[in-house]
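Engineer: Give the three-dimensional model of this entry:
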Amino acid sequence: MTPLKLLVRAWASTSKISIFLGSGRRVMVRAWKAPTVTEKAGALRAEFGGDTLPELERIGQWLQNVQREAFYSLRATMVHRDRHYHEYSVSVDVTDTRHNYGRASQTHEDDLADALRSFMCWAYRLLGREYDYLTSEEAIVEAIEVNACEFDEHGNLA
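Structural biologist: Numbers count the residues shown, from 1 in each chain. This next block holds a predicted model:
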């Protein structure tokens, strides 16, 4: 079985967030400064819908502020530690690359962990909405019509 790899990239107007999820238990998270480009905001609005964009921008700004305070030297490693998947099923270890990968201050560690957990909540809400839509009667009927599926009188594919 090949490992499942998922790359989620989200651009806010002032920051760029990358989350790399692998089949293992480690998740590497980095946040860094990106140029402000209005096309990125438009692409986000089209991809995630207008109602979720302000929340993503708020989280991106939060991550940007934490990194700015630490001179863009923080690095977070998240380890999944439970069988469930929610924002509190990971432990966050924050290091400061300015000090030969030493421990970051408690304030920076707490702020970065809270911002990342907020991002996880946002992503889980988006995944929940998508799941609800894909399992709705509307989506199922649409998939049957698009794929031109035909059924016999017993409900089996013809």
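Engineer: biggest helix in this protein by residues?
Structural biologist: Longest helix in the chain, counting residues (DSSP state H): helix 106-134.
Engineer: could you check the angle helix 106-134 makes with the next helix or strand after that helix?
Structural biologist: Next helix or strand after helix 106-134 toward the C-terminus (DSSP states H and E): helix 137-146. Going by axes from the mean of the first three to the mean of the last three Cα atoms, to 10 degrees, helix 137-146 is angled at 60 degrees with respect to helix 106-134.
Engineer: ok, residues contacting helix 137-146?
Structural biologist: Tyr133 (Cβ atoms under 8 Å, 6 or more residues apart in numbering). For the C-beta atoms, the positions are set from N, CA and C on the backbone; glycine is no exception.
Engineer: Pull out the C-alpha coordinates of it and format them as PDB.
Structural biologist: Written as PDB, here are the backbone C-alpha positions of helix 137-146 (Å, rounded to 0.1, in the frame of the first residue of the first chain):
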ATOM      1  CA  GLU A 137     -28.900  13.200  -1.900                       C
ATOM      2  CA  GLU A 138     -28.300  16.100  -4.200                       C
ATOM      3  CA  ALA A 139     -24.600  15.100  -4.800                       C
ATOM      4  CA  ILE A 140     -25.500  11.500  -5.200                       C
ATOM      5  CA  VAL A 141     -28.200  12.200  -7.800                       C
ATOM      6  CA  GLU A 142     -25.800  14.600  -9.600                       C
ATOM      7  CA  ALA A 143     -23.000  11.900  -9.700                       C
ATOM      8  CA  ILE A 144     -25.500   9.300 -11.100                       C
ATOM      9  CA  GLU A 145     -26.600  11.700 -13.800                       C
ATOM     10  CA  VAL A 146     -23.100  12.800 -14.700                       C
END
